[in-house]
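Novice: Next come a sequence and a model predicted from it.
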Amino acid sequence: MSGSLNLTNDFVVKFANVNGSGSASANSMFAKSVLRMGVPVAARNIFPSNIQGLPTWYEVRVTGDGHLGRRGGVDLMVAMNPQTWDRDIAEIEPGGYLFYDSTKAMPESKFREDITVVGVPLTRICNEVYSVPRERQLFKNIIYVGALAALLGIEIEVIETLLSEQFAGKDRLIKANFEALHMGRDYVKANLKPLGLQVRRADAVGDRIYVEGNSAAALGAVYGGATVCAWYPITPSTSVVEAFMDYCAEFRTDKETGQAKYAIVQAEDEIASIGMVIGAGWNGARAFTATSGPGVSLMTEFIGLSYFAEIPAVIIDVQRGGPSTGMPTRTQQADLIGAAYAGHGDTKHPMLLPQDPGECFEMAALAFDLSDRLQTTIFLMQDLDIGMNEWLTEPFKWDDSRNLDRGKVMTYEELEAGVDFGRYKDVDGDGIPYRTYPGVHPSKGAYFTRGTSRNPYARYSEEGHVYVDNMQRLLRKFETAKSLIPAPVLRKSGKATRTGVIYFGSTTPAMHEALEILEAKGMHLDALRVRGFPFSDEVYDFIAAHDRVFVVEQNRDAQLRTLIVNEGDVDPGKLPPVLHYDGTPITARFIAAEIGARLGAAAPRSPVPEAAE
Amino acid sequence: MTYLLKPRLHHPSLAANELGFTRRDYEGSVSTLCAGCGHDSISAAIIQACYDLNLPPHRLAKLSGIGCSSKTPDYFLGASHGFNTVHGRMPSVLTGANLANRELIYLGVSGDGDSASIGLGQFAHAIRRGVNMTYIVENNGVYGLTKGQFSATSDKGSKSKKGVENHDSAIDLVSLALQLGATFVARSFSGDKAQLAPLIRAALAHKGAAFIDCVSPCVQFNNHAGSTKSYDYVREHNEAVNRLDVIAKRAPIEVDYAPGTTTTVTQHDGSVLALHKLAEHYDPTDRIAAMTYLAQRQAQGEVVTGLLYVDPEASDLHDSLDTVERPLNSLGGPDLIPGSSVLAKINADLR
Ligand SMILES: Cc1ncc(C[n+]2csc(CCOP(=O)(O)OP(=O)(O)O)c2C)c(N)n1
Ligand code: SF4
């Protein structure tokens, strides 16, 4: 058909499936096979809060140029779900392709004129070979992977290797999967022609790894020396703890005794989880919990205690769509304000904002050093997009000379030598006091920890000036935190410009691509990626150096922008928000269109994203 | 409000225990509770028990929630670390602390509002997890600190000081603890130090979740006629099933073996509990019999006290998790960080 897309190593494939049909592993194998061809991919799971039956999508961006965010639009739709057929077809780019199960004839009206339709009778092929219903379902997925490989030029050996790795030691399964794979490939070879979309072997992946943010953060917790984990299941954070369990079983089991050098407790709720974390932190162990927005709400009272009583704790918040139960399996960056100010009274908590699994690892490990150093709760703010999707990311790195930074802990020897211990004394002027671990010394260093006001020697006091001094010291400590939080990353435009953009976290790859798109249209922006809260002076210097700074984020109320305005002396009018919050990861096209329109036309645009999915 | 430190000077003639500590070494700051509050007597019993057991004071960690009762850890064991957490949530904090360092001795102090109302869930779960601790509820059947509201252990039909009637049925924490699998369950009365101090000693020596429900009259809001948590009521209706002696592991065991009157129970750490039976058929090692007995006596308006149940073979949360002997908080980087070579392998597997 004339006008069909011809794209090599640069197109978007979307699989529309039914939840529970076993398609997930086949789809992810498809993505990995492209990676193994040396071509970067960016894959996103879009799934319902339901175990079986509802629609689910898996989007694979084949991205030779290395754009790892979502682009927007679909070049090839693999439509395996009759329930969502119409909207799936509608999403295909003009000149794009539709792959479907052609066992049953479809009326012409069900297709579009401007796309190429590729039918493979998957059900018929399956039914001829398999009789068990479950086999029919599972192998149908492998058959379409085989067919797509042939259509797109993916080497079949690459998929065979992946299957062999996946089913290592289970020869019967490997053989059966190979057969299904070949059935798909052979059908295409005999009946169809390759598409205009092609994967060609390249060398663009390098030594990067492909991993989910949640398991990266779990590994970061292992390297950060976490020994106690207390948690309560909640999507999308559950896999953090599941991965932590696996890593601990492997790396934290005493070789001689088989005993655990860690303790993981599934608590009765989030309140108990954070309570255990605080108890362990008080007692000198590194402890964390993983949760999402609703969990943070429940933990709020304890987070306030951690702030005021100055007890280390780490919370990995994998954000999902709120408010309330909102869209529990969709992504957002909407817990920022809730986390930053969790508690009653005047409280503030440092947050780390990773951009990808590589940083999830790095920042998880860092979070434990920071929580010990600052003696307070540290939030690692992930989101479902990074947490539950596999991302291509820099390999994990570790410097073997690095050890755990336990912060200011007064030892037996120091107490014995007569060093004056006042639990809440600001000895060094940085707002951070010294602490002692319970049981350290028979007669010195013991104190009473409480959430009530007290003097520098930890003795209960409601005197106004004592309280104010303490609150001021906590502010000094927060100021110190600025120097410990990872610095923002500046990406200067090729041309001098008075326009900037601030963004963070999982928005990063789409943002970078959007900057390129805008640049190509002659719109230049300096860009600053913030990596944590409190914001360093660089953030405010950046704003001061520009006339207008867009703040791009994935929530309705411009929470990052609010924090920036609230924590600094900034004219809010200088910070136009660019907001995307329909639950799907933000796309490069969306950002480019939003900023482009506002730079091009004077009329302000609605912050509501255009109907995307 | 002031905070008074007790004078540290010891009278030279004060008796010392085997470790050379005097009772003063187990005291804390001056209590700010109402004069006559039952909670102060419990603090005194804790001091006595720790002194008698020869515990190094700094090896105890005392944790509490919020309430008059939860303030008391400030008033004993000044040499140990204490933690006033948040209302009803002491059990989870204690659990975490215990996970971090299994070598300290954990004492949780709570009120009936703290544990039976807002904290009922945490109470239940810490007990069923078998956290190695002594958990004391100072049970006055009322909210003291917030001035006299009913708690979940207030009896149905009882009247508050202001004459308001309670319509909700009471939670009996002892029955609940038995049902939840506590491996040491006792009840006592703050006015009966002779019974309470040995019970606390036995609980401290117990491995696993040891629970003591201690009726502790609130002289401000719940010590009037019609309350089953008043001094008078408990004195008149206290039915002690046994009296206890705790014999430390190294002490010679000399107990009266006269059948029917004394039972001995050897605990994990070798300490022996000598139980002088007062109620003929009471068997403190039979959980179901204990539950039945309690229910029967309660129906007759009796407050059964004593060691109600003990499982001397109990295990604790660390056993379930099979954690290393060394306290987790003492493990350092080399014990915990797998290093860059392991990371290189992980990276390779992720390509
Ligand atoms: C979340 C929360 N809710 C309510 C309170 C107020 N509060 C403080 S103590 C208390 C009740 C204490 O009763 P109890 O535990 O029986 O102790 P008592 O004072 O009687 O010894 C309440 C409701 C609080 N501190 N925190
Ligand atoms: S109010 Fe009641 S519980 Fe509180 S200190 Fe006074 S007597 Fe004790």
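Specialist: Received the coordinates, thanks. Ligands and ions are numbered 1, 2, ... in the order given.
Novice: okay, CA-based contacts and neighbour counts for the rest of this
Specialist: Noted.
Novice: just for the chain, where's the confidence low?
Specialist: Using chain A. For chain A, the stretches with pLDDT under 70 are A:1-2, A:601-613.
Novice: You answered for a different chain; I wanted chain B.
Specialist: Low-confidence segments of chain B, defined by pLDDT under 70: B:1-12, B:249-260.
Novice: residues in contact with the biggest helix by length in it?
Specialist: In chain B, with assignment by DSSP state H, the single longest helix is helix B:38-52. Residues outside helix B:38-52 that contact it (CA atoms under 8 Å, 6 or more residues apart in numbering or on different chains): B:17, B:21-23, B:26-27, B:31, B:33, B:57, B:68-69, B:72-73, B:75-77, B:138, B:190-191, B:193, B:196-198, B:200-201, B:216-219.
Novice: Just the buried ones from the residues you listed?
Specialist: With burial judged by 16 or more other CA atoms under 10 Å in any protein chain shown, the buried subset of the contacts of helix B:38-52 is B:21-23, B:26-27, B:31, B:33, B:57, B:68-69, B:72-73, B:75-77, B:138, B:190-191, B:193, B:196-198, B:200-201, B:216-219.
Novice: partner residues bridging the spatially closest residue to A:Thr452 that is not a sequence neighbour?
Specialist: Among residues not flanking A:Thr452 along the chain, A:Tyr460 sits closest, at 7.0 Å (CA to CA, 6 or more residues apart in numbering or on different chains). A:Tyr460 has these beta-bridge partners by DSSP bridges: A:Arg454.
Novice: so where does residue 126 fall, helix or strand?
Specialist: Went with chain A since none was named. In the assignment (DSSP states H and E), A:Cys126 maps to helix A:122-129.
Novice: my bad, the chain I had in mind was chain B
Specialist: B:Ala126 belongs to helix B:120-129, assigned by DSSP H and E.
Novice: May I have the strands that pair with the first helix or strand past that helix going along the chain, each with its orientation?
Specialist: Remark: after helix B:120-129, the chain's next helix or strand is strand B:133-139, criterion DSSP H and E. For strand B:133-139, the paired strands and their directions (DSSP bridges) are strand B:105-111 (parallel), strand B:209-215 (parallel).
Novice: can you give me the angle strand B:133-139 makes with helix B:120-129?
Specialist: Taking axes from the mean of the first three to the mean of the last three CA atoms, to 10 degrees, one finds strand B:133-139 and helix B:120-129 inclined to each other by 150 degrees.
Novice: does strand B:133-139 come close to ligand 2?
Specialist: No - shown here: strand B:133-139 not in contact with ligand 2 (CA under 6 Å from any ligand atom), separated by at least 8.8 Å.
Novice: what element comes up after that strand heading to the C-terminus?
Specialist: Next along from strand B:133-139, by DSSP H and E: helix B:173-180.
Novice: returning to that earlier point: which members of the contacts of helix B:38-52 are positioned in helices?
Specialist: Mapping the contacts of helix B:38-52 onto helices (DSSP H) picks out B:Cys68, B:Ser69, B:Lys193, B:Leu196, B:Ala197, B:Pro198, B:Ile200, B:Arg201.
Novice: JSON lines please, covering the residues you listed and showing distance to chain A.
Specialist: Formatted as JSON lines, the ones in helices among the contacts of helix B:38-52 follow (distance: CA to the nearest CA, whole Å):
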{"residue": "B:Cys68", "distance to chain A": "14"}
{"residue": "B:Ser69", "distance to chain A": "14"}
{"residue": "B:Lys193", "distance to chain A": "26"}
{"residue": "B:Leu196", "distance to chain A": "25"}
{"residue": "B:Ala197", "distance to chain A": "23"}
{"residue": "B:Pro198", "distance to chain A": "24"}
{"residue": "B:Ile200", "distance to chain A": "20"}
{"residue": "B:Arg201", "distance to chain A": "20"}
